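Trainee: Here's my sequence, what's the structure:
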Amino acid sequence: MRASPPNPQTARRKSSARPTIGIVIGDPCGVGPEVVAKAWAQGDLHACCRPLLIGSAHAMRTAVAQSGLGLKVRGIDAPERLTGRRDVIEILDSGALDPADITPGADSAACGRASATWLDEADALARSGRLQATVMAPISSVAMKSAGVLDRVVQIKPGRSYLLLASGALRIAHLTDHVPLREVSQLITARLIASSLRQLDAALRQWGIAAPRIGVAGFNPHAAGPEDEEQIAPGVKRARASGVDATGPISPDTVFRQCVEGRFDLVLAMYHDQGHIAIKTAAFAGNVAIVVGPPYPHVTVAHGTAYDIVGRGIADHTMIRNAILTAGSLAEGRAFPQLH
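Mentor: Residues are numbered from 1 along each chain as shown. Presented below is the predicted three-dimensional model:
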């Protein structure tokens with residue numbers, strides 16, 4: 001028996017049911033537009049979400065041409081106008097950037113200012129419910145700082161927001177991020193440990209992990225020191241009393257391997273390098289970064305603008321593709337996707 005042809009109305013209903021993901025193209029002087037275009041051209045983004053770019057249509061047309069991709073670029077004025085065509089890049093371009101201000105391979109204050117505007121637009125759309133998640137391609141902190149808008153990037157603030165790196169089975173959240181190591185000890189308190197574990201547990205449940213298991217890294221070698229005994233252990237105890245399945249402190253030289261082996265869904269690291277070294281050694285390729293704190297998944301990449309290869313068409317799009325696929329899966333409550 002011949003199969004019936006697909007029903008266009010059913011296809012449209014299925015398409016509209018997928019989460020709409022806003023993808024900020026990053027600093028147009030860097031490789032952001034190129035890697036975003038390549039990820040779109042791979043053809044699998046629309047299976048998990050309705051992608052909408054936010055940024056410069058001119059930058060995207062340039063990236064498509066330089067990469068030799070058979071895609072068109074179409075500007076739209078609202079997420080509701082997405083058509084879902086895979087061969088047409090659909091972008092929300094509010095006119096925040098004059099194409100003449102794009103200086104490929106070099107920092108531009110104008111592009112830094114535009115990047116901040118695009119991030120603000122994505123945040124406003126997500127908070128209003130018109131986007132279900134956002135993704136940020138690589139930006140230039142130097143360009144944004146020179147424009148006086150670096151504060152517009154989602155900031156990591158212990159007690160409010162946390163950086164989470166994920167690659168395969170290894171997922172690591174950071175209690176503190178860009179903090180001098182001598183100051184970390186004073187920031188580790190039982191109250192902060194307990195509140196961070198509750199916030200991470202709630203995020204994991206919202207993303208589709210029904211019963212999260214969280215391992216907590218110790219601060220000192222073998223998790224044996226005053227911070228471990230007087231702050232981390234009591235904080236874990238408080239979190240467990242409120243229903244969080246947390247274990248720790250665990251010796252930091254073993255807890256990450258235990259996560260890789262499936263004993264935990266997430267590890268809470270105490271400081272930046274404790275978590276970053278683990279994931280960049282064990283599973284660097286394709287890893288993604290997620291900010292836990294905004295009321296929607298905000299995902300980005302672990303690489304920069306790569307000014308030295310801009311315009312050559314050789315930038316690797318694996319990380320931005322994985323970031324978009326992850327954002328779509330988390331927004332829909334399907335947990336972390338199996339990426340390759």
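Trainee: So what pairs up with the most centrally placed residue in the chain in the strands?
Mentor: Geometric centre of the chain, nearest residue: Val299, 1.5 Å, by C-alpha atoms, centre = their mean. Taking DSSP bridges as the rule, Val299 bridges to Val135, Ile290.
Trainee: was I right about it contacting Val292?
Mentor: No. Between Val299 and Val292 there is no contact under C-beta atoms under 8 Å: 10.8 Å. Where C-beta positions appear, they are placed from N, C-alpha and C, glycine not excepted.
Trainee: Can you name the residues that contact the residue nearest to the centre of the chain?
Mentor: 133-136, 288-291, 323-324, 326-327, 330 (C-beta atoms under 8 Å, 6 or more residues apart in numbering).
Trainee: Redo the residues you listed as JSON lines? Include pLDDT.
Mentor: Output for the contacts of Val299, formatted as JSON lines (pLDDT from 0 to 100):
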{"residue": "Ala133", "pLDDT": "98"}
{"residue": "Thr134", "pLDDT": "98"}
{"residue": "Val135", "pLDDT": "98"}
{"residue": "Met136", "pLDDT": "98"}
{"residue": "Val288", "pLDDT": "93"}
{"residue": "Ala289", "pLDDT": "96"}
{"residue": "Ile290", "pLDDT": "97"}
{"residue": "Val291", "pLDDT": "97"}
{"residue": "Ala323", "pLDDT": "97"}
{"residue": "Ile324", "pLDDT": "98"}
{"residue": "Thr326", "pLDDT": "97"}
{"residue": "Ala327", "pLDDT": "98"}
{"residue": "Leu330", "pLDDT": "98"}
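Trainee: could those residues be laid out in CSV, adding neighbour count?
Mentor: Output for the contacts of Val299, formatted as CSV (neighbours: other C-beta atoms under 10 Å):
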residue, neighbour count
Ala133, 27
Thr134, 27
Val135, 31
Met136, 26
Val288, 25
Ala289, 18
Ile290, 24
Val291, 20
Ala323, 31
Ile324, 26
Thr326, 25
Ala327, 30
Leu330, 27
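Trainee: can you put the residues you listed in CSV and add distance to Arg191?
Mentor: Shown next, in CSV, are the contacts of Val299 (distance: C-beta to C-beta, whole Å):
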residue, distance to Arg191
Ala133, 30
Thr134, 30
Val135, 32
Met136, 30
Val288, 29
Ala289, 26
Ile290, 24
Val291, 22
Ala323, 32
Ile324, 36
Thr326, 30
Ala327, 31
Leu330, 27
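Trainee: out of those residues, who's nearest Ala278?
Mentor: Within these, proximity to Ala278 (C-beta to C-beta) peaks at Ala289, which comes in at 14.1 Å.
Trainee: Surely the closest one and Ala302 touch.
Mentor: Yes. Here Ala289 reaches Ala302: they are 5.7 Å apart, a contact under C-beta under 8 Å.
Trainee: overlap in contacts of those two?
Mentor: Overlap of the contact sets of Ala289 and Ala302 (by C-beta under 8 Å, 6+ apart) consists of Leu165.
Trainee: got the contact list for Glu34?
Mentor: Counted by C-beta under 8 Å, 6+ apart, Glu34 has contacts 63, 66-67, 310, 313, 315, 317.
Trainee: In terms of distance to Cys111, which of those ranks first?
Mentor: The nearest member of the contacts of Glu34 to Cys111, counting by C-beta to C-beta, is Val310 at 12.0 Å.
Trainee: Now that closest one. Its backbone dihedrals?
Mentor: phi -60, psi 140 (degrees, to the nearest 10).
Trainee: Mark out where each domain of the chain begins and ends.
Mentor: As assigned by automatic domain parsing, the chain contains the domains 9-154+294-331, 162-282.
Trainee: Contacts for stretch 82-92 next, please.
Mentor: 15, 20, 22, 25, 37, 40, 43, 45-46, 50-57, 60, 64, 70-79, 81, 121.
Trainee: need the helices for this structure, in chain order.
Mentor: Applying DSSP state H to the chain gives helices spanning 8-17, 32-42, 57-67, 109-127, 141-146, 181-187, 190-207, 226-227, 233-241, 255-260, 272-282, 318-331.
Trainee: show me where pLDDT drops low in the stretch 51-200 of the chain?
Mentor: Within the stretch 51-200 of the chain, no stretch has pLDDT under 70.
Trainee: out of the helices of the chain, nearest to Leu266?
Mentor: helix 190-207 (6.4 Å).
Trainee: Among the contacts of Val299, which one sits closest to Val153?
Mentor: The closest of the contacts of Val299 to Val153 turns out to be Met136 (C-beta to C-beta; 8.1 Å).
Trainee: Test my guess that the closest one contacts Leu119.
Mentor: Yes. Contact criterion C-beta under 8 Å: Met136 and Leu119 qualify, at 6.8 Å.
Trainee: intersection of neighbour lists for the two?
Mentor: Contact criterion C-beta under 8 Å, 6+ apart; residues shared by Met136 and Leu119: Val24.
Trainee: could the helices of the chain go into a markdown table alongside distance to Ala100?
Mentor: Below are the helices of the chain laid out as a markdown table (distance: least, C-beta to C-beta, whole Å):
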| stretch | distance to Ala100 |
| --- | --- |
| helix 8-17 | 37 |
| helix 32-42 | 16 |
| helix 57-67 | 10 |
| helix 109-127 | 9 |
| helix 141-146 | 16 |
| helix 181-187 | 44 |
| helix 190-207 | 42 |
| helix 226-227 | 53 |
| helix 233-241 | 53 |
| helix 255-260 | 48 |
| helix 272-282 | 38 |
| helix 318-331 | 26 |
